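Structure for the following, please:
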Amino acid sequence: MEKLLLVLVFLFTSCPVAFGQSLAFNIDAPPDLEVSVYSDGILDFGNLMQNQGTVQIPLEDANTEIISITGFLFRRVHVTITPPPALQLNASNSLPYTLRAAYANNGEENKSQAELFNDNTASFRIYNFSGGPPPWAGGGNGRGNGIGDLFQQTAYVYIYGDIEVGPVQAGTYNGIINISVE
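Coordinates of the predicted model:
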């Protein structure tokens with residue numbers, strides 16, 4: 001299994017000093033799939049204040065985290081996201097958040113074509129032929145010029161959500177999100 005550790009940074013502050021809130025992504029995938037971070041690895045909610053309420057990063061936002069899954073275009077993948085219930089500072093201080101995910105498998109990285117995950121899981125083919133012509137007819141995102149490359153395609157998983165900032169103690173809140181790609 002290939003493991004990729006990605007740290008996403010959330011910023012929270014109750015005064016001029018910023019504190020980093022982080023979620024570590026632990027991604028497991030079989031060796032026949034290439035899974036990588038497509039974006040910069042930072043889900044940045046900006047500077048947050050106590051009792052600010054809900055702060056969102058919507059799917060269409062430039063700060064949405066993007067993970068690519070490359071493999072044989074007909075391969076069906078099953079992606080499961082297991083987030084912690086909340087970000088934790090310590091046993092008595094937590095920061096609630098809602099994690100959302102979507103995927104696009106129409107041959108290009110395009111959030112407007114994304115399908116939402118169902119309860120943090122999704123099953124899909126790496127390439128959805130209803131999204132356009134097959135790679136050998138000019139569609140998809142073939143990775144090279146060789147005939148074998150026409151059958152290697154990339155699907156994209158988008159991670160986004162919102163964070164609920166209430167009367168919490170300032171500090172660094174952490175959590176680990178496990179992402180399994182099978």
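
So which residues of this protein form helices?
Remark: no helices are assigned in the chain by DSSP state H.

Dead centre of it: give me the residue that sits there.
Ile159 (2.9 Å; CA atoms, centre = their mean).

That residue: what's its closest spatial neighbour, skipping adjacent residues?
Counting by CB to CB, 6 or more residues apart in numbering, the nearest residue to Ile159 once its immediate chain neighbours are dropped is Glu65, at 4.0 Å. All C-beta spots, glycine's among them, are computed from the backbone N, C-alpha and C.

What is the neighbour count of that neighbour?
Glu65 has 23 neighbouring residues, counting by other CB atoms under 10 Å.

okay but it is in contact with Leu59, surely?
No - at 10.9 Å, Glu65 does not count as touching Leu59 under the criterion of CB atoms under 8 Å.

okay, and the common contacts of the two?
Tyr158, Tyr160 (CB atoms under 8 Å, 6 or more residues apart in numbering).

Packing partners of the longest strand seen in the chain?
In the chain, with assignment by DSSP state E, the single longest strand is strand 152-165. For strand 152-165, the packing partners by 3 or more CB pairs under 8 Å, 6 or more residues apart in numbering; DSSP states H and E come out as strand 2-12, strand 53-57, strand 65-72, strand 76-82, strand 93-95, strand 97-104, strand 121-125.

please redo it, this time with the cut-off set to 6 Å
If contacts are counted by 3 or more CB pairs under 6 Å, 6 or more residues apart in numbering; DSSP states H and E, strand 152-165 sits against strand 53-57, strand 65-72, strand 97-104.

Just the CA coordinates for that strand, please, in PDB.
The C-alpha coordinates for strand 152-165 follow below in PDB (Å, rounded to 0.1, in the frame of the first residue of the first chain):
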ATOM      1  CA  GLN A 152      -4.200   5.500 -18.200                       C
ATOM      2  CA  GLN A 153      -6.600   8.100 -17.000                       C
ATOM      3  CA  THR A 154      -7.000  10.300 -14.000                       C
ATOM      4  CA  ALA A 155     -10.000  10.900 -11.700                       C
ATOM      5  CA  TYR A 156     -10.100  13.700  -9.200                       C
ATOM      6  CA  VAL A 157     -11.400  13.800  -5.600                       C
ATOM      7  CA  TYR A 158     -12.200  17.200  -4.100                       C
ATOM      8  CA  ILE A 159     -12.100  17.700  -0.300                       C
ATOM      9  CA  TYR A 160     -13.800  20.800   1.100                       C
ATOM     10  CA  GLY A 161     -16.200  21.700   3.900                       C
ATOM     11  CA  ASP A 162     -16.800  24.100   6.700                       C
ATOM     12  CA  ILE A 163     -15.700  24.700  10.200                       C
ATOM     13  CA  GLU A 164     -17.800  25.900  13.200                       C
ATOM     14  CA  VAL A 165     -16.000  28.400  15.400                       C
END
